[in-house]
Structure formats: structure tokens, C-alpha cells
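Peer 1: The amino acid sequence is not available; the structure is as follows:
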């Protein structure tokens, strides 16, 4: 009887172990696959030059710059709006129907397909507000897309702050705003930053929202203002694989582009991790 | 004039009648212990004096609460001003994850005081008041989280005293501390009454006996008996009080 139990347990945990390790395996398989095929074209020219010869040669600099512009541009909008909303929801709103409604709608916003954000961005920012296809239109669209994630992660970060600290602060005559600024936010800051950086890395890979709002098929120059169109890595990848003039010749360039995109995402995730550790320590020390 | 006083104070949490017609008054420079079994309303009563109950939904308060003869539940009373005048120390030490110095300076800073030398002076004197100065004077920049529980609680007392409150509320301030730290905090409370007026909630009868001048016994939301601590502990008028302090219930 006892041995049967033990065998069952061994099988169950063996299975769990296999499944959880295979998740890691999938990530490594993707990285390996992309690296093997992409590494060949990676050199200084590839990341520092304009594309040439129908995008089969040269580099992808404008797409790298475009993606970085969109990452930072979207956060310029999404970070303050998201953090302020989260502060309002978590610190000011009493538990009420309205609060539950706002929470539910935030989650629903996260569920909207990204292509719909693209369409919405085109209708509102490109056409209605007259920004045209531009970094600003693309950034705003991507910003809206990342709002729910930023709001959620900020809310979670605020919830980790012990209530006894808020109450201690009120008891000393601090107002709610002072309490949030001086006690709550410094403690929640590392986790809020982590959420921010993770949203940025997610934004870097989004294709559908930029399709109708900013992305250029081929534009071998760097942007000079918010109103310029840019190339972007995920869209460039799409173009190279599906609609280039010479798709066979462009294949290595596509893998190289994918490799650069993945490296950017991984770098940002690593940065998020380091920041959290660094500030986590600092908060404990101070 | 009484330092802290309540007249016909009634408090409801929704339907629940938590405090019933409380008449209470305490003089300047005294320590008053609030005792009674869990749920008797003593902590709720304590929190009426700095309007901490305001933070809870569905609280209804009737009657009067006076600080230095001034009604504190009047419309338009600035609550943060009031809380500056009424310091509070909590059950569990709750220092901010900031430096020792910044913890004590916090109350001054949020009340608009930025004078560096003044803040330094206040930090030093209040840390001396709570007998923590010698232990931390070389480490003022160190995190308050690195202090022991007893030191943290004395730091929290210093933090409350830094804004020179007229009244100090203590909600079971030693219940999370070891006996040695408890003794230090009690000694401190005893000394502090020279300058402050203190209300202390405690479950520890010996503590009430040791530190307080007056004792108020609460039971089921009523103030059953309120008298000199000596009288309460040697010759209580009500059998309920006697049963409680002798440990027959509660």
C-alpha cells in the first residue's frame, strides 16, 4: 500500500518536473533556433547601417532606433497615466461598486486584441487628431495597450506596502498625499519600476498596434521629430519574411532582426531584475 | 480644564454599538490605563482622541470628545492638525523603512518644518528622552529596520514625541516586546508623564498597576469603572472590575 503511494507520487512529480523543465526548454529552443540562423549576419554594420539592396544587405539601424523610440515614447504616456490611476484606485477609492467596475474594465482592456488597438489608434490619433502615421501616434497606441499592465503591476506594488505604515504616517499628522509620496511610493518604487520595464520590453515586440499608426515599410533614415514615421523591428521582421522583393535573400536578415529583437527584450528583463534587486536592498537599508 | 475628555460618547460600527455613553476625563501629566477584555471598546475609545476611527468605513460617532476643552469632532476641525497634537504608539512597532534620523524627523517634515538645525536638535532631544540616543547616536543614518523590536518601539515613541503632542495614545505598546524591552518602555512611560499626558491600552494588569495613575475598566462598550489605579486594584466598586483584575474572566 505504502509503496503504491510512493510510486504514484514519484510518477506525479516526475511528470511535473518534466513539464516545468520543458518550459525552460522551449525558451532555450527558440533562442537557439534564432541564434543559429541569425548570428551569421550580426556584425557592427548590421546594427549600425541603413538597409540596402531591397533590404537584403546593409543593416537595420532605423528599425532599432524606431523600436527604441516607440518603447520610450509609449512609456512617456503610459507610465504617468498608469501610475496615477493605480494610486487613485488603490489609495483613494473606497471599496465600492465603482472600484470593482474600474478594476474589471482595466482587466477587460488588457484582453482587447492588439490589432484592435491598432485600428483604434489609427482612427483616433492618425486620422481624428491628425497626427498622421508618426512616432507620436504609434507611441500613444502602444501606451494605451500597456496601461492595464502598468496599472496592475503598480497596484500590486502598492498593496505590498503594509497598512501599519500608512496609519503610522497619518497618526503623525501627515496628509494622504504626503503619506503616499513619502512612505508608500518609496517602498513600492522598485516593483513599479519592474512593471515599467517589463511593459517596455513587451511593447518592443508588438506589431499589430504599429501597423496602421507608425511603421514604415522601408525608410532608410533616422527620425528627427515625433511626427516622423519609423521602421520598427517586429514589423521589419514581418516585411522581410512576407513581402520583401527578394525573400530568399532576405531570410538571414530576418533571423538577424529577430535575434536583435530578442536580445533587446532579454536585456530589458535583465535590467528589471537588477533594478529590483538593487532598490530592494536600498529600501531595506534606508 | 481637563486634558482629554469625552461626554456622552457613543460609537457605532454599522449596526454594532461599540461605545455606550462614555463619560471620561483625564488631567494633565497623568497616565491613564484603559483595561478590559478583548472587544470591550478600549482601543476604539483610544482612537477617538486622534480620530483614527475616521479611517474605518461605516463609523458613526455621537457626543463630544474634547482636547484641552476643545471639541475635536466639530465640522471643519483639521484632522491632520489634530493628529499632530495627539501622538500615537501602536501595538506592533511600525518604523518607516527609512533611517533612524528620518523616522524621528518625519512628523516635523510633514508639518512643514525644514530648518535643518532645528530638526537635528529635536531628533537628538527626543531620542534622549526615550533613552535610545546612546545606542544609536553613531548610526543615525542606518535603517530603522535594523533595530531590535524594543528599540524600534522606543523609536516609534520618539517619532510620536518629536511633534510635541499634547496627548499621547498608546495601544498595547509592549504586547509585541520581550520582558526586558517591556520594562524599558514602562520605565519610559513613567518618566514621560512629567511632560506629557498619556492614555495607554493594556492587557497586562501588572503593567496598568505599575505605570498608571488612573485606570478605566471597559466592558461590552461601557465604561464600568474609572478611578485611581490604587482604588481599582485594591478596592473596586463593581464586582465585574474585581473579577477582571483578579483574572476570573477576560
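Peer 2: The structure has been received and is ready for your questions. All values derive from a computational prediction rather than experimental measurement.

Peer 1: Quick one: residues contacting the spatially most central residue of chain B.
Peer 2: Most central in chain B under C-alpha atoms, centre = their mean is residue B:169, positioned 1.5 Å from the mean C-alpha point. Applying C-beta atoms under 8 Å, 6 or more residues apart in numbering or on different chains to residue B:169 gives the contacts B:46, B:47, B:49, B:50, B:86, B:87, B:88, B:89, B:198, B:199, B:200. From N, CA and C alone the C-beta is placed, and that goes for glycine too.

Peer 1: near chain A too, which of those?
Peer 2: B:50, B:87, B:88 (C-beta under 8 Å from any C-beta of the partner chain).

Peer 1: Helix, strand or coil: sort out the second one for me.
Peer 2: In this case it means residue B:87. What DSSP: H, G, I helix; E, B strand; the rest coil gives for residue B:87 is strand.

Peer 1: Now do the end-to-end distance for stretch A:44-62.
Peer 2: Stretch A:44-62 has its terminal residues 14 Å apart, counting by C-alpha to C-alpha, to the nearest Å.

Peer 1: Just the buried residues of it, please?
Peer 2: Neighbour counts over stretch A:44-62 (16 or more other C-beta atoms under 10 Å in any protein chain shown) mark A:46, A:49, A:50, A:51, A:55, A:56, A:58, A:59, A:60, A:61, A:62 as buried.

Peer 1: Can you flag which of those belong to helices?
Peer 2: Among the buried residues of stretch A:44-62, the members found in helices (DSSP state H) are A:46, A:61, A:62.

Peer 1: Adding distance to residue A:40 as columns, could you present those in a markdown table?
Peer 2: A markdown table is the format used below for these (distance: C-beta to C-beta, whole Å):
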| residue | distance to residue A:40 |
| --- | --- |
| A:46 | 10 |
| A:61 | 18 |
| A:62 | 21 |
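
Peer 1: I'd like to know which of the residues you listed is nearest to chain B.
Peer 2: residue A:61 (44.1 Å; C-beta to the nearest C-beta).

Peer 1: Got phi/psi on residue 30?
Peer 2: I went with chain A, as the question did not name one. Residue A:30 adopts backbone torsions of phi -60, psi -50, taken as degrees, to the nearest 10.

Peer 1: got a list of what it touches?
Peer 2: residue A:262.

Peer 1: quick one: pLDDT of it?
Peer 2: As predicted, residue A:30 sits at a pLDDT of 93.

Peer 1: From chain B, how far out is it?
Peer 2: As judged by C-beta to the nearest C-beta, to the nearest Å, residue A:30 and chain B stand 40 Å apart.

Peer 1: just to revisit the earlier point, need the contacts of residue B:169 in TSV (columns: pLDDT).
Peer 2: Shown next, in TSV, are the contacts of residue B:169 (pLDDT from 0 to 100):
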residue	pLDDT
B:46	96
B:47	96
B:49	96
B:50	95
B:86	95
B:87	95
B:88	96
B:89	96
B:198	96
B:199	97
B:200	97
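
Peer 1: Show me how to select, in PyMOL, the buried members of those residues.
Peer 2: Of the contacts of residue B:169, the buried ones go into a single PyMOL selection, burial set by 16+ other C-beta under 10 Å:
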select buried, chain B and resi 46+47+49+50+86+87+88+89+198+199+200
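
Peer 1: returning to what we had before: out of the ones next to chain A among the contacts of residue B:169, which is nearest to residue A:154?
Peer 2: residue B:88 (29.2 Å; C-beta to C-beta).

Peer 1: wait, what's in contact with residue 129?
Peer 2: Here I'm looking at chain A. Residue A:129 neighbours (C-beta under 8 Å, 6+ apart): residue A:137.

Peer 1: Chain B is the one I meant
Peer 2: Taking C-beta under 8 Å, 6+ apart as the test, what residue B:129 contacts is B:158, B:161, B:192.

Peer 1: Give me the distance between the second one and residue B:80.
Peer 2: Applying C-beta to C-beta, to the nearest Å, the value for residue B:161 to residue B:80 is 18 Å.

Peer 1: The first one too?
Peer 2: When distance is defined by C-beta to C-beta, residue B:158 is 20 Å away from residue B:80.

Peer 1: which one of these two has more residues nearby?
Peer 2: Taking neighbours as other C-beta atoms under 10 Å in any protein chain shown, residue B:158 and residue B:80 compare with residue B:158 leading, 28 against 16.

Peer 1: element containing that one, please.
Peer 2: helix B:149-161 (DSSP states H and E).

Peer 1: In its sheet, which strands sit next to whichever helix or strand comes after that helix, and in what direction?
Peer 2: Later in the chain than helix B:149-161, the nearest helix or strand by DSSP H and E is strand B:167-171. Here strand B:167-171 is paired, per DSSP bridges, with strand B:86-89 (parallel), strand B:197-201 (parallel).

Peer 1: Just give me the closest of the contacts of residue B:169 to chain A.
Peer 2: residue B:88 (4.1 Å).

Peer 1: so the residue of the stretch 151-286 of chain A found nearest chain B, which of the three states?
Peer 2: Chain B sits closest to residue A:173 of the stretch 151-286 of chain A, with a gap of 3.4 Å, by C-beta to the nearest C-beta. Classification of residue A:173 using three-state DSSP returns coil.

Peer 1: The residue lying closest to it once chain neighbours are set aside and residue B:100: what is the separation?
Peer 2: Nearest residue to residue A:173, sequence neighbours excluded (C-beta to C-beta, 6 or more residues apart in numbering or on different chains): residue B:84, at 3.4 Å. Separation of residue B:84 from residue B:100 (C-beta to C-beta): 21 Å.
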